[in-house]
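In: This is the structure alone, sequence omitted:
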Ligand SMILES: *Cc1c(COP(=O)(O)O)cnc(C)c1O
């Protein structure tokens, strides 16, 4: 094993233990939470190491980087999650390589995603709706306002070629993540009642995965705890 493989294997094991402990604390089965390793800023050689170590799901948040990496790793049997802010003119291209688009937050994205999914010809594209947990009016927020979730979910359900699988959220900076994910769990209740097949809840990152699992996360998106710290964003 290379030094990098050993380092990633050790970090991966530690994250696995955190997930198992959080599940036990929440009275949940350890296999009820799936790990998506966020590989943004890290090279495709790391994606290969992850796949060798048994990781099945990877996440990327920037279209160009994601597209290139997915192409470089096309021989690997991985599920690619797109988790970043999405421009409507890029939606079709993202649907060309992503297996799950987690960051759908407006109707305007749907036609592009539908077009991209149809062109790819692999059947329906899995979609999560990103819900904003930021206070209304906060700058730079991504995600649909919780008040707009129900109509957006209906539009996704109606969109041929897209399959509504659940919700995604990011805890706001500077707030106790437990409080934010508690709010998310409340938002999810009526959503699940209306969309019983959309049971995915993607929430929790390196710093707050325990709080997310306590509040029902089925997927955690973990980057730095597995791969190390990322170079600062310019
Ligand atoms: C980068 C990113 C993550 C992973 O963050 P870490 O703190 O490195 O675990 C999770 N979700 C989204 C949407 C991200 O952009």
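Out: Happy to help now that I have it. Since the model is a prediction, treat every value here as computed from it, not as a measurement. Residues are numbered from 1 along each chain as shown.

In: tell me which strands and helices the helix or strand that residue 16 is a member of is in contact with?
Out: Using DSSP states H and E, residue 16 sits in helix 3-25. Here helix 3-25 touches strand 34-38, helix 44-52, helix 209-214, helix 224-227, going by 3 or more C-beta pairs under 8 Å, 6 or more residues apart in numbering; DSSP states H and E. Just so you know, the C-beta spots here come from the backbone N, C-alpha and C atoms, and that holds for glycine as well.

In: can you give me the mean pLDDT across the longest one?
Out: Going back to what we said before, that points to helix 44-52. For helix 44-52, the mean pLDDT works out to 98.

In: still on that earlier bit, kindly calculate the angle that the helix holding residue 16 makes with helix 44-52.
Out: Interaxial angle, helix 3-25 versus helix 44-52 (axes from the mean of the first three to the mean of the last three C-alpha atoms, to 10 degrees): 50 degrees.

In: what angle sits between helix 3-25 and strand 34-38?
Out: Interaxial angle, helix 3-25 versus strand 34-38 (the same axes, to 10 degrees): 140 degrees.

In: Buried residues, helix 3-25. List them.
Out: Counting neighbours by 16 or more other C-beta atoms under 10 Å, one finds that the buried residues in helix 3-25 are 5, 8, 9, 11, 12, 15, 18, 19, 22, 23.

In: Relative to the ligand, which of those residues is nearest.
Out: Closest to the ligand out of the buried residues of helix 3-25 is residue 15 (9.3 Å), distances taken as C-beta to the nearest ligand atom.

In: From residue 71, how far off is that closest one?
Out: Using C-beta to C-beta, to the nearest Å, one obtains 27 Å as the distance from residue 15 to residue 71.

In: swap in residue 82?
Out: Taking C-beta to C-beta, one finds residue 82 at 14 Å from residue 71.

In: More neighbours: these two, which one.
Out: For the pair residue 82 and residue 71, the greater number of neighbours falls to residue 82 (28 against 11), based on other C-beta atoms under 10 Å.

In: Next, the residue lying closest to that one once chain neighbours are set aside: secondary structure please.
Out: Spatially, and ignoring its direct neighbours in sequence, residue 82 is nearest to residue 98 (4.0 Å; C-beta to C-beta, 6 or more residues apart in numbering). Secondary structure, DSSP: H, G, I helix; E, B strand; the rest coil: residue 98 is coil.

In: which ones are touching residue 98?
Out: Going by C-beta atoms under 8 Å, 6 or more residues apart in numbering, residue 98 touches 66, 70, 80, 81, 82, 125.

In: Next to the ligand, which bits of this protein? Give me the list.
Out: 38, 40, 61, 83, 170, 205-207, 221-225 (C-beta under 6 Å from any ligand atom).

In: now the strands for this structure?
Out: Counting by DSSP state E, residue ranges of the strands within the chain are 34-38, 57-60, 79-82, 100-104, 125-130, 162-168, 200-202, 219-222.

In: Paired strands for the second one, with orientation please.
Out: Here the strand partners of strand 57-60, with direction, are listed using DSSP bridges: strand 34-38 (parallel), strand 79-82 (parallel).

In: quick one on the thing from earlier: can I get the residues of the chain next to the ligand in CSV including neighbour count?
Out: What follows is these, written out as CSV (neighbours: other C-beta atoms under 10 Å):
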residue, neighbour count
38, 25
40, 18
61, 20
83, 27
170, 24
205, 19
206, 18
207, 12
221, 25
222, 23
223, 21
224, 15
225, 19
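
In: Show me the shaky parts of this protein.
Out: Residue ranges of the chain with pLDDT under 70: 232-234.

In: If we use 50, what do you get?
Out: Low-confidence segments of the chain (pLDDT under 50): 234.
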